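Participant: structural data only, the sequence is not supplied:
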């Protein structure tokens, strides 16, 4: 197989600060084949792809292109060598036409400005090659997401890319659009283009894979051609054995539910569909429920709707039997329902404030005496919160931006815990924090659950489902696809989530 | 395809030596040092500058801008802007003048002459009402603050012109038999030698400072400007906060309008033209971030004094009005430059 390797990574290592994202990875891309990278979040897939496409540079190791060592200074540099990346979030200018996007930054000069006619002709030719009827003059924002992806592929082809890296290309596509994309991929292969493919949809990815490579914790743990492997093999290699994230605390099975969701539907923001469809769920005090699902399964919409950020289309949300679906966010917090949002920087922290001010923000009315904030009471609450959620900080007056990701997350959790909630929702609480902090966060949740706090958290990492959750809900396309107790295996969860299903 | 991400590994942390860095002290206290410099330079250039009477005169000029700036600060802290304050000042002055002329109720056939305190209260309520319109437009209807208050800038000015037909109310003295004398008290009287306008500025500033630093509302305000979405999810009533700051700014503009027309003993519809820009300049020189979330009343007052003392100093040493504009502009740009130095080092977003 060694003879047709076009791009090879040798002993690639990359560290961010103290965290080693890649620990000496070897990786081959074969000519005219689809090489798929498998791995859980944080395994180092995206980092490796960014290195191969010149977005970032490795700390150690080298990249060989046709056997010759190369160094990519930037994405432009990489695309000059024929390597292009298509990101999960498309990098098109939505206000411009298909043609203008394809030639953005390298317009064809003509007499008296840009030669639009030639650009249009070339765009049309590209679209015919890809067998897609997309008008070169259509504005990109009038296209469906799948078509936009095709435009992005066309742009990569127009710079004569020989190697195309696709990072989760299907995550936002409908089943029929996925079929179209796979058609395009086969077409590209037949023209000798090599493709590096990343996807969480394992079975879907297996349809187009020629070579599979599995990454775990920054190491390449396995690689094999398609005909030697199957789905269980991949899952087993991906999951491996992991850090202990704790066990579920004892639970009183007779308690009345504290939170009940009845027939809840939420409209999807962009398209006409439903993000959450007739969902029913009830949670008892002290119970920990994990919601597992892929991107777009409706987890974030569900949690934001419960917290009051997104309105429900219909259905009821009951706290201790009282309907709270018409309440504002502050009223829900008063009723004991709080959310720790997914995007810490955007929705969780006030970056201009100190650690202490962030911690006390949600509970500030509790330590006001008459009209004024009591410094003494506030300091007490803040000190207790810092100790309770074990924030490592120089003190309550340190700027919150001086903390690491894990400690920032603990500040957001501590802020909501200070309101003495009875139900805590956490959207991907482990996102962007290291394994140690992850363990601390889960232990903290388990501790509070023992004291009666009901916890609902979402995750896209199977490992985290089994850790402390009493119940695991698998969501797929806005519905509960399956419900498990803690004795389930990781493989079963992944199979139920739609990772094994394509329409 | 995508811009290159650079990962800086040694992120700048404020270490111990920076606390003793004289450059840093100068940077953080820049409005204060600028004010000292202005006073020293003009005192050397003119014997008339460094006198008690001149300081009091200059301070009563500053009072107008200072009031507008303090209101503006509250709005800017939430990440908004209020371009209407100059016009609100004018329309409030005219409204006060209109009340002083007597309100004729035709059906009853009487003309009501409200006493001065009632005129003041009604005028401030009028300013609050205009501010509430701004606030509702911004907070509920999600009109960008710049556009909403730019519209109000024209509307309020237009209303002021309509109310007077383009003329000016000159007779604000009132008369003893009608019981509405004393309007000029605000502009001319002094308590312990200090002009009333300055005392009003001090009181309003004190209220604003207490509100910002000592109450939950103040914390909410900083949080709303620092990160609206995070504040909202933390249970901060962000819409109410946003409306409140525009109401506060409108009230400040109305108070400034009363003080100014009292100082001039006339209320004209063209008063306060472009004052909103001076007010913004004061806030910015005082170190507030236009993006919201950072700024103090103390800084804003210093900013207002820097602008006022600079402008009056230039007049005293006889620099032409054209040069004054050049100097003021340069100071504003310099201030923003220093702001980005101070915040640029700390914040990475």
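Facilitator: That came through, no problem. Computed from a predicted structure; not experimentally measured. Numbering: from 1, shown residues only, chains lettered A, B, ... in the order given.
Participant: what sits against residue B:86?
Facilitator: Contacts of residue B:86 were listed using C-beta atoms under 8 Å, 6 or more residues apart in numbering or on different chains, and they are B:68, B:153, B:253, B:272, B:273, B:274, B:275, B:276, B:277, B:279. Glycine gets a C-beta too; all of them are placed from N, C-alpha and C.
Participant: restricted to buried residues, select those in ChimeraX.
Facilitator: With 16 or more other C-beta atoms under 10 Å in any protein chain shown as the burial test, the buried ones among the contacts of residue B:86 are selected in ChimeraX as follows:
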select /B:68,153,253,272,275,276,279
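Participant: so which bits of the stretch 301-450 of chain A are right by chain B?
Facilitator: A:307, A:309, A:328-330, A:333-334, A:339, A:341, A:345-353, A:357, A:360-362, A:364-365, A:368, A:371-373, A:399, A:401-402, A:415-416, A:419 (C-beta under 8 Å from any C-beta of the partner chain).
Participant: just the ones of the contacts of residue B:86 in helices?
Facilitator: Cross-referencing the contacts of residue B:86 against helices under DSSP state H gives B:68, B:153, B:253, B:275, B:276, B:277, B:279.
Participant: between these, which is closest to chain A?
Facilitator: residue B:279 (21.9 Å; C-beta to the nearest C-beta).
Participant: read off the pLDDT value for the closest one.
Facilitator: If you check residue B:279, the pLDDT there is 94.
Participant: check contacts around it.
Facilitator: Contacts of residue B:279 by C-beta under 8 Å, 6+ apart are B:65, B:68, B:69, B:71, B:72, B:85, B:86, B:304.
Participant: show me which of those is closest to chain A.
Facilitator: residue B:72 (18.3 Å).
Participant: which of the residues in the host helix or strand of the closest one are buried?
Facilitator: Per DSSP states H and E, residue B:72 falls inside helix B:52-77. By neighbour count, with 16+ other C-beta under 10 Å as the criterion, the buried positions of helix B:52-77 are B:54-55, B:58-77.
Participant: hmm, back to that, so which of the ones in helices among the contacts of residue B:86 comes closest to residue A:74?
Facilitator: Proximity of these to residue A:74 (C-beta to C-beta) peaks at residue B:277, which lies at 42.1 Å.
Participant: follow-up on the earlier one: of all the contacts of residue B:279, which two lie farthest apart?
Facilitator: It's B:86 and B:304 that sit farthest apart of the contacts of residue B:279, by C-beta to C-beta, at 14.5 Å.
Participant: low-confidence ranges, chain B, go.
Facilitator: B:1-28, B:343-349 (pLDDT under 70).
Participant: excluding chain neighbours, what is closest to residue A:455?
Facilitator: Leaving out its chain neighbours, the residue that sits closest to residue A:455 by C-beta to C-beta, 6 or more residues apart in numbering or on different chains is residue A:288, at 4.5 Å.
Participant: could you pull out the strands for the stretch 251-400 of chain A?
Facilitator: Along the stretch 251-400 of chain A, the stretches classed as strands by DSSP state E, counting those that start in this stretch are A:259-267, A:274-283, A:288-292, A:314-319, A:322-323, A:337-340, A:368-369, A:372-373.
Participant: and of these, who's closest to residue A:411?
Facilitator: strand A:337-340 (10.3 Å).
Participant: okay, now residue 91: neighbour count?
Facilitator: Because you didn't say which chain, this covers chain A. 15 (other C-beta atoms under 10 Å in any protein chain shown).
Participant: you looked at the wrong chain, it should be chain B
Facilitator: 33.
Participant: about what we covered before: could you dump the strands of the stretch 251-400 of chain A to JSON lines with mean neighbour count?
Facilitator: Below are these laid out as JSON lines (neighbours: other C-beta atoms under 10 Å in any protein chain shown):
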{"stretch": "strand A:259-267", "mean neighbour count": "19"}
{"stretch": "strand A:274-283", "mean neighbour count": "19"}
{"stretch": "strand A:288-292", "mean neighbour count": "26"}
{"stretch": "strand A:314-319", "mean neighbour count": "17"}
{"stretch": "strand A:322-323", "mean neighbour count": "10"}
{"stretch": "strand A:337-340", "mean neighbour count": "27"}
{"stretch": "strand A:368-369", "mean neighbour count": "13"}
{"stretch": "strand A:372-373", "mean neighbour count": "17"}
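Participant: mean pLDDT lowest for which of these?
Facilitator: Among the strands of the stretch 251-400 of chain A, strand A:368-369 scores lowest, at a mean of 80.
Participant: what's that strand in contact with?
Facilitator: Contacts of strand A:368-369 (C-beta under 8 Å, 6+ apart): A:374, A:377, B:215, B:216.
Participant: rewinding a little: and of the strands of the stretch 251-400 of chain A, who's closest to residue A:390?
Facilitator: Of those, nearest to residue A:390 by C-beta to C-beta is strand A:337-340, at 16.0 Å.
Participant: residues in contact with the closest one?
Facilitator: Outside strand A:337-340, the residues that touch it by C-beta under 8 Å, 6+ apart are A:259, A:303-304, A:306-307, A:309, A:319, A:324, A:332, A:348, A:362, A:409, A:412-413, A:416, A:419, A:421-427, A:429, B:233.
Participant: that strand pairs with which strands?
Facilitator: Sheet pairing of strand A:337-340 (DSSP bridges) gives strand A:423-427 (parallel).
Participant: how many other residues sit next to the closest residue to residue A:117 other than its chain neighbours?
Facilitator: Of all residues not flanking residue A:117 in the chain, residue A:110 sits nearest, at 7.8 Å (C-beta to C-beta, 6+ apart). Neighbourhood size, residue A:110 [other C-beta under 10 Å]: 12.
Participant: any idea how far residue A:125 is from residue A:110?
Facilitator: Remark: distance between residue A:110 and residue A:125 (C-beta to C-beta, to the nearest Å) = 17 Å.
Participant: now swap in residue B:127 and tell me
Facilitator: Where residue A:125 is concerned, residue B:127 sits at a distance of 65 Å (C-beta to C-beta).
Participant: those two: who's more crowded?
Facilitator: The neighbour comparison of residue B:127 against residue A:125 (other C-beta under 10 Å) goes to residue B:127, with 30 against 13.
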